[in-house]
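S.K.: Any chance you could fold what I've pasted below:
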Amino acid sequence: MGTRMEPARIEGAVNIALADTALSLARASDGLGAGLPPATLALVAAMIRVMNSYYSNRIEGNNTRPREIEAALAGAFDEDPRRRALQQESAAHVRLQAEIDRRAASAKLDDPSDPSFIRWLHLEFYWDVDATALVLRDGNPSGDGQIVIRPGEWRDGDVEVGEHVPPPYNRLPAFMDHFHARFRQDRLHGQTSKILAMATAHHRVNFIHPFYDGNGRVSRLMSHAMAHHAGIGAGGLWSVARGLAGGLEGGLPGREEYRGMMRLADRELQGDLDGRGNLSLAALTQFTGWFLEVCLDQVSFMGELLDFAGMGDRLARYAAAKDFRAGGSELLRAVLIRGHVERGDVAAILGVAPRTARAVIKELTDNGILGSETPRSALELRFPSQTHEMLFPRLFEG
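M.R.: Numbering: from 1, shown residues only. Below you'll find the model as predicted:
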């Protein structure tokens, strides 16, 4: 097989529909969160990381709920070893995405296609997982013996993934070097080229299947990093994982779209008019169009949720549903507008006595909708799991 994995990218005269979708995606991501203060957007991004972990791991059969992920991030794990391992994986996903976002914000994000970056993702994902969870039973094609996941290391044996047979393990270094050569960010010219590469790279790294396990999660984190490099990361305010988990159709059929489209892009060359590689250009083009539509759908969905007026209305409904004392809704709106409010300013904002202001603050912080770094520091919005259904409807589905 050598290092044959072409076409790796869609090059030359780009399909007009693909180019239009890429342009729409770039425009939509540019406006995401407009009007909301940076402090609020940072907290939304933190919630999106939990959402990304939830959906990315659900795709792999890990149904850890948002509240369980939050507990894991706080260091509280289930006593059951299997549930604890799932929580560890989910928390690792959140922390990894946070680090990717941090590096992107400081312009220090490495090339996501570099094999060393991909191995780093895998290493960090499994770093704190219990050793027993790294043992795969019936992990090889024959089902004999055990396979142990070695964090950050390529698989040292051959595997089968459904009907797809990934490259032999002894060719992995060559395939990953070829992958890097084809997707190096410094060789991709123009935003459209980088957006299209984000889509095709997602499939091709899974086609290689460099690790025994964790390839799907690693590829989705890699795609998140590539979105930053393509200028559509929007500060981490949207997640491709939610779209991949539900597809474009939604419901039960939508949950199978991702696997079906990945299988489609595995297809070999279909005749002389299907490109010049060993794989089908037509199938890769169809996959890329679907992947970009999924991304655009998710950016549009988050754009609606992050509309300033809509956020204000949902906060007011939340306050009414919780029957907060007078002033609660007004304080929430003030924090939404400003990003944060000093505790000493609350009485003046609400036009009440300091004692009443303290009672309002206590009620909202006890609920979890407001919080602060220290007991005396400025108040900020918080979005714990109990607020999601009302403040961010349909964000966590299934």
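
S.K.: mind listing the strands for the stretch 101-250 of the chain?
M.R.: Assigned strands in the stretch 101-250 of the chain, in chain order: 135-137, 146-148 (criterion: DSSP state E, counting those that start in this stretch).

S.K.: do you know which of the ones you listed lies nearest residue 156?
M.R.: Residue 156 lies closest, by Cβ to Cβ, to one member of those: strand 146-148, at 9.1 Å. C-beta coordinates here come from the backbone N, C-alpha and C atoms, glycine included.

S.K.: buried set for that closest one?
M.R.: Buried positions in strand 146-148, judged by neighbour count with 16 or more other Cβ atoms under 10 Å: residue 147.

S.K.: what helices or strands is it leaning on?
M.R.: Secondary-structure packing of strand 146-148 (3 or more Cβ pairs under 8 Å, 6 or more residues apart in numbering; DSSP states H and E): strand 135-137.

S.K.: closest to residue 18 out of the strands of the stretch 101-250 of the chain?
M.R.: Across the strands of the stretch 101-250 of the chain, residue 18 has its closest neighbour in strand 135-137 (37.3 Å, Cβ to Cβ).

S.K.: ok so, going back, next, format the strands of the stretch 101-250 of the chain as a markdown table and append distance to residue 231 and mean pLDDT.
M.R.: Below are those laid out as a markdown table (distance: least, Cβ to Cβ, whole Å; pLDDT from 0 to 100):
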| stretch | distance to residue 231 | mean pLDDT |
| --- | --- | --- |
| strand 135-137 | 38 | 81 |
| strand 146-148 | 39 | 87 |
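
S.K.: okay, those strands in CSV with distance to residue 357 next?
M.R.: Formatted as CSV, the strands of the stretch 101-250 of the chain follow (distance: least, Cβ to Cβ, whole Å):
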stretch, distance to residue 357
strand 135-137, 56
strand 146-148, 58
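
S.K.: quick one, which of these is nearest to residue 17?
M.R.: For residue 17, the closest of those is strand 135-137, at 40.6 Å, according to Cβ to Cβ.

S.K.: Of the strands of the stretch 101-250 of the chain, give the one that comes closest to residue 301.
M.R.: Ranking the strands of the stretch 101-250 of the chain by their distance to residue 301 (criterion: Cβ to Cβ) puts strand 135-137 first, at 35.0 Å.

S.K.: Helices of the stretch 51-200 of the chain, start to end?
M.R.: For the stretch 51-200 of the chain, the helices defined by DSSP state H, counting those that start in this stretch occupy 66-73, 81-105, 115-126, 172-183, 191-208.

S.K.: pLDDT below threshold where in the stretch 51-200 of the chain?
M.R.: 137-145 (pLDDT under 70).

S.K.: burial count for the residue lying closest to residue 223 once chain neighbours are set aside?
M.R.: Excluding the flanking residues, the one nearest residue 223 by Cβ to Cβ, 6 or more residues apart in numbering is residue 202, at 4.9 Å. Residues near residue 202, counting by other Cβ atoms under 10 Å, number 23.

S.K.: same question, residue 150
M.R.: The number of residues packed near residue 150 is 15, by other Cβ under 10 Å.

S.K.: Would you check how far apart it and residue 110 are?
M.R.: 22 Å (Cβ to Cβ, to the nearest Å).

S.K.: cool, and residue 215?
M.R.: For residue 215 relative to residue 110 (Cβ to Cβ), the value is 19 Å.

S.K.: Could you check which of these two is surrounded by more residues?
M.R.: Neighbour tally, residue 215 and residue 110, criterion other Cβ under 10 Å: the higher count belongs to residue 215, 22 against 14.

S.K.: All the helices of the stretch 201-350 of the chain, residue numbers only.
M.R.: For the stretch 201-350 of the chain, helices defined by DSSP H, counting those that start in this stretch occupy the ranges 215-229, 240-246, 251-255, 257-265, 281-305, 308-321, 328-338, 346-350.

S.K.: nearest to residue 155, of those helices?
M.R.: Closest among the helices of the stretch 201-350 of the chain, once you apply Cβ to Cβ, is helix 215-229, at 9.4 Å.

S.K.: Compute the distance between residue 327 and residue 350, please.
M.R.: 4 Å.

S.K.: Between these two, which contacts overlap?
M.R.: Common contacts of residue 327 and residue 350 (Cβ atoms under 8 Å, 6 or more residues apart in numbering): 356-357, 360.

S.K.: If you drop the residues flanking it in sequence, what lies closest to residue 88?
M.R.: Here the residue nearest residue 88, using Cβ to Cβ, 6+ apart, is residue 129, at 4.8 Å.

S.K.: Number of residues surrounding that neighbour?
M.R.: Close neighbours of residue 129, defined as other Cβ under 10 Å, add up to 20.

S.K.: same thing with residue 157?
M.R.: Residues within reach of residue 157, counting by other Cβ under 10 Å, total 12.

S.K.: Just the buried residues of stretch 22-40, please?
M.R.: Neighbour counts using 16+ other Cβ under 10 Å place 22, 24-26, 28-29, 32-33, 36-37, 40 of stretch 22-40 among the buried residues.

S.K.: now, the most widely separated pair of those residues?
M.R.: Using Cβ to Cβ, the two most remote members of the buried residues of stretch 22-40 are 22 and 37, lying 29.6 Å apart.

S.K.: tell me the domain ranges of the chain?
M.R.: Residue ranges for the domains of the chain, per automatic domain parsing: 16-305, 308-391.

S.K.: Out of these, flag the one nearest residue 8.
M.R.: Nearest to residue 8 among the domains of the chain is domain 16-305 (4.0 Å), distances taken as Cβ to Cβ.

S.K.: okay, how far is it across that closest one, tip to tip?
M.R.: End-to-end distance for domain 16-305, by Cα to Cα, to the nearest Å: 30 Å.

S.K.: what's the answer for stretch 204-213, then?
M.R.: Taking Cα to Cα as the measure, stretch 204-213 stretches 16 Å from start to finish.
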